[in-house]
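Asker: the sequence isn't on hand, but the structure is:
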């Protein structure tokens, strides 16, 4: 037998491990780390939602559901998306419940991409976009976004990246890890490029509820875009339900059917308990999400003020729960800054390069951590910055 | 409610400097507004939430439902204000339903409470009946859980 390495599919073997995993393993070896490295809410899922899951379990909800997901949940999703984003989807044919947005993204890519097709997305970005495209034998085409542009994606940059193999454009605003948002004019310009080049847009709206200072809206709601957009969303972030693993895709029936084909043979369905909890969560969004959002906003303001005071340049993000300060002026690169900060002060942040090469010079600080942790971490980072500057 | 008041209700010990950062105000503005709220009587005080079940505290808390005949002029106000002046009365609310006033009363012991009810409360004109409950255990007080905690550990780093 040749070596076992040679048995691994070649397109998979060339995908590097997530940079975030390396850093995670290093942090794991230490005790009492103050972590700003967490990409999930520090809030426990609100009790009302947990109670619904317990009730469902009590009443014997332990079976499969239909492949698309519970119709009652799909109705609730359809109602919610129309109320919040002003886009109407038919719960019978245009809504698919998935295991997190991660699965929904994989399904969307596999449903749309033939080998060699190009997928355009913006970096720094969530760690899975590029690899998932590669697993589908597509070609990832990342566009670097820049600090000078507040990490916004411009229509011109997309235009420059389009080739005759371009099939899909991925948008994730608010963005993990930068917190960047787009306003309506940005989205309008991008929509025109998508229409001109017949691109399908995958809109990952996972952080949509967590927008501050009025930034909100999906490209799918713009004229002519509903028919060419796969709208992805889920309950993990705003509803603090990461462990429930519930996402969903809304799209015209042909796209939904194509994604469902893959989903039915691989995942079958999302867990029923999680689906029932999600139904409760969506039905009571305003009361459940509002309090957490206002806490995030206060933490964002405090973290932004603290980073500015210690001299780390940082735009004030209008979405998600991440701050992406520039640390290049300290003379350290992202990785070195994070390693030395961990070593000196026991504070964990994530190197910007984990989210794409253009994240170099930045670190991701999550403010989905409790206020006391953020205050203490800011003091320690300030001390560290002062020390390496001296 | 104003964001500053909300933040103070969550943590009255928060420093004006941090409140200013959280709410995007200047520190002077925060100090001035707190001062104004205190002068206007909007802010009446600052208290710690103490889990007395963890301490060897022997005093007792009673919850007393009181039925009152309202007065022709002034309704419940005069009688409620009169009762609220007793030091033993911690909280007093006018409520709708089967009774009129709800009192949270602190006493050194059971006898103390019984004496208050029979000598001070029941003897007031207009008080027609009282029902006294003794508090046994606190599970949640002013939004803070006392008897359970969510202690699941999260990953230190996640994407």
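Answerer: In hand now; what should we look at? Bear in mind that the values here come from a model prediction, so they are computed numbers and not experimental data.
Asker: burial count for the residue in the stretch 101-250 of chain A that chain B sits nearest to?
Answerer: Closest to chain B within the stretch 101-250 of chain A is residue A:127: 4.7 Å, counting by CB to the nearest CB. The way it works is simple: take the backbone N, C-alpha and C, and place the C-beta from them, glycine included. Other residues lying near residue A:127 total 20 when counted by other CB atoms under 10 Å in any protein chain shown.
Asker: my guess is it contacts residue A:17. True?
Answerer: No: in this structure residue A:127 lies outside contact range of residue A:17 using CB atoms under 8 Å: 10.1 Å.
Asker: who's the residue nearest the centre of chain B bridged to?
Answerer: Taking CA atoms, centre = their mean, the centroid of chain B lies closest to residue B:91, which sits 5.7 Å from it. Per DSSP bridges, the residues bridged to residue B:91 are residue B:104.
Asker: and chain A, is the single longest helix found in chain B touching that?
Answerer: Ranked by residue count under DSSP state H, the longest helix found in chain B is helix B:27-40. No: judged by CB under 8 Å from any CB of the partner chain, helix B:27-40 makes no contact with chain A; its nearest approach is 10.7 Å.
Asker: packing partners for that helix?
Answerer: Secondary-structure packing of helix B:27-40 (3 or more CB pairs under 8 Å, 6 or more residues apart in numbering or on different chains; DSSP states H and E): helix B:3-10, helix B:16-23.
Asker: touching it from outside, list them.
Answerer: Contact with helix B:27-40 is made by B:4-5, B:8, B:16-17, B:19-20, B:23, B:43, as judged by CB atoms under 8 Å, 6 or more residues apart in numbering or on different chains.
Asker: of these, list those near chain A.
Answerer: B:20, B:23.
Asker: return the closest of the contacts of helix B:27-40 with respect to chain A.
Answerer: The closest of the contacts of helix B:27-40 to chain A turns out to be residue B:23 (CB to the nearest CB; 6.7 Å).
Asker: surely the closest one and residue B:2 touch.
Answerer: No: look at residue B:23 against residue B:2 with CB under 8 Å: they stay out of range, at 9.5 Å.
Asker: please say which of those two ends up with more neighbours.
Answerer: Between residue B:23 and residue B:2, residue B:23 has the larger neighbour count (other CB under 10 Å), namely 19 against 11.
Asker: and chain A, what are its domain boundaries?
Answerer: A:4-45+A:287-389, A:47-284 (automatic domain parsing).
Asker: so what's in contact with residue A:127 and residue A:17 at the same time?
Answerer: Among the neighbours of residue A:127, none is also in contact with residue A:17 (CB under 8 Å, 6+ apart).
Asker: residues in contact with residue 104?
Answerer: As the question left the chain open, I've gone with chain A. When contacts are counted by CB under 8 Å, 6+ apart, residue A:104 touches A:96, A:98, A:232, A:234, A:247-249, A:259.
Asker: that answer is for a different chain, and I need it for chain B
Answerer: Taking CB under 8 Å, 6+ apart, we find residue B:104 in contact with B:61-63, B:89-92.
Asker: what subset of those residues is buried?
Answerer: Neighbour-count burial (16 or more other CB atoms under 10 Å in any protein chain shown) applied to the contacts of residue B:104 gives B:61-62, B:89, B:92.
Asker: so which of those residues comes closest to residue B:157?
Answerer: Nearest to residue B:157 out of the buried ones among the contacts of residue B:104 is residue B:61 (CB to CB; 45.4 Å).
Asker: bridging residues for that closest one?
Answerer: Bridge pairing for residue B:61 - DSSP bridges - gives residue B:106.
Asker: my read is that it contacts residue B:134, right?
Answerer: Yes: contact criterion CB under 8 Å: residue B:61 and residue B:134 qualify, at 7.4 Å.
Asker: relative to residue A:227, how far out is the closest residue to residue A:79 other than its chain neighbours?
Answerer: Once flanking residues are discounted, residue A:79 sits nearest to residue A:282: 7.8 Å by CB to CB, 6 or more residues apart in numbering or on different chains. Residue A:282 sits 25 Å away from residue A:227, going by CB to CB, to the nearest Å.
Asker: and these two? Which one has more around it.
Answerer: Shown here are residue A:282 and residue A:227; by other CB under 10 Å, residue A:282 has more neighbours (24 against 12).
Asker: who's in contact with that one?
Answerer: Neighbouring residues of residue A:282 by CB under 8 Å, 6+ apart: A:73, A:76-77, A:79-80, A:235.
Asker: buried ones only from those residues, please, as a ChimeraX command.
Answerer: Per 16+ other CB under 10 Å, the buried members of the contacts of residue A:282 correspond to this ChimeraX selection:
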select /A:73,76,77,80,235
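Asker: output the contacts of residue A:282 as CSV; include the columns secondary structure and pLDDT.
Answerer: As requested, these are arranged in CSV below (DSSP: H, G, I helix; E, B strand; the rest coil; pLDDT from 0 to 100):
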residue, secondary structure, pLDDT
A:73, helix, 98
A:76, helix, 98
A:77, helix, 98
A:79, helix, 98
A:80, helix, 97
A:235, coil, 98
